[in-house]
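*Asks:* One predicted model, sequence on top.
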Amino acid sequence: MPMKDLANNLSVLQLVDPATITSDTNSSSADLQFDSGVMLVVNVGESGDTLSGSVKFDYILEDSSDDSTFTAVTTASHVTYGSVNSSTGVFATVDAAAEDDAAYVIGYVGPNRYVRVKIDATGTHSNGTPHSVSALVSPIHKPAASSNDGSPTG
C-alpha cells in the first residue's frame, strides 16, 4: 500500500515529445528555479536500425546558467543516480539491441538553473529509434493542480 503521495509533490515536464530520432537532438531545458531536485528520464524504444559501436546514441547531460549556452556536465558531484563521463558528460550509450527498449535515468544536483539532455546520434540512422525525454522535478512549493510550475503562485 502506498504511503507517500508523489503526485502532489512532483511535477513532470516533457522535454522531448515521443518521436523517431535519426540525428542529434537537444531536449528542451528544465528550469530549476523553483525546484529542489530533478531527475531526467530518457525513454528509448526499439531501434529500427542495427545498432553497433559505429551506429549508436549517446545521452549527454548538459547544464546552463542562462538557458542559452549549454555545456556537458562532467563533474561527478553534480549528478546522482548514475554517473557521467568526466570528459564528455555521457551518462548512457545505446549501441546494441539489448540496450534499446529501456529507460535511462540521471539526477542533477549541480549549481546551474537549467538542464537538458543532448541525444547524440553517431553513424547513419536510416529508420531511427523512438525517444522521449522527461524531467521529474521536486518543486519547492507544492505544484498547483494542472500546473508544472512550482513557483509560489503556481
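*Replies:* Received, thanks. Residues are numbered from 1 along each chain as shown.
*Asks:* Enumerate the beta-bridge partners assigned to the most centrally placed residue in the chain.
*Replies:* The centre of the chain sits closest to Leu40, judged by CA atoms, centre = their mean, with a distance of 3.6 Å. Per DSSP bridges, the residues bridged to Leu40 are Ile106, Ala135.
*Asks:* what's near enough to touch it?
*Replies:* Residues near Leu40 by CB atoms under 8 Å, 6 or more residues apart in numbering: 15, 30, 61, 105-108, 115, 117, 133-135. To be clear about C-beta, it is placed using only N, CA and C from the backbone, and glycine gets the same treatment.
*Asks:* A helix includes Gly82, no?
*Replies:* No - counting by DSSP: H, G, I helix; E, B strand; the rest coil, one finds Gly82 to be coil, located in no helix.
*Asks:* hang on, it packs against Ala103?
*Replies:* No - with contact defined as CB atoms under 8 Å, Gly82 and Ala103 do not form a contacting pair (11.8 Å).
*Asks:* low-confidence ranges in the protein?
*Replies:* Within the chain, the segments meeting pLDDT under 70 span 1-2, 142-154.
*Asks:* just the strands in the protein please.
*Replies:* Counting by DSSP state E, the chain has strands at residues 11-21, 25-26, 30-31, 35-44, 56-64, 71-72, 79-80, 90-94, 102-108, 114-122, 129-139.
*Asks:* Quick one: those strands as a markdown table, columns for distance to Asp5 too.
*Replies:* Shown next, in a markdown table, are those (distance: least, CB to CB, whole Å):
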| stretch | distance to Asp5 |
| --- | --- |
| strand 11-21 | 13 |
| strand 25-26 | 33 |
| strand 30-31 | 22 |
| strand 35-44 | 17 |
| strand 56-64 | 28 |
| strand 71-72 | 35 |
| strand 79-80 | 22 |
| strand 90-94 | 29 |
| strand 102-108 | 21 |
| strand 114-122 | 25 |
| strand 129-139 | 13 |
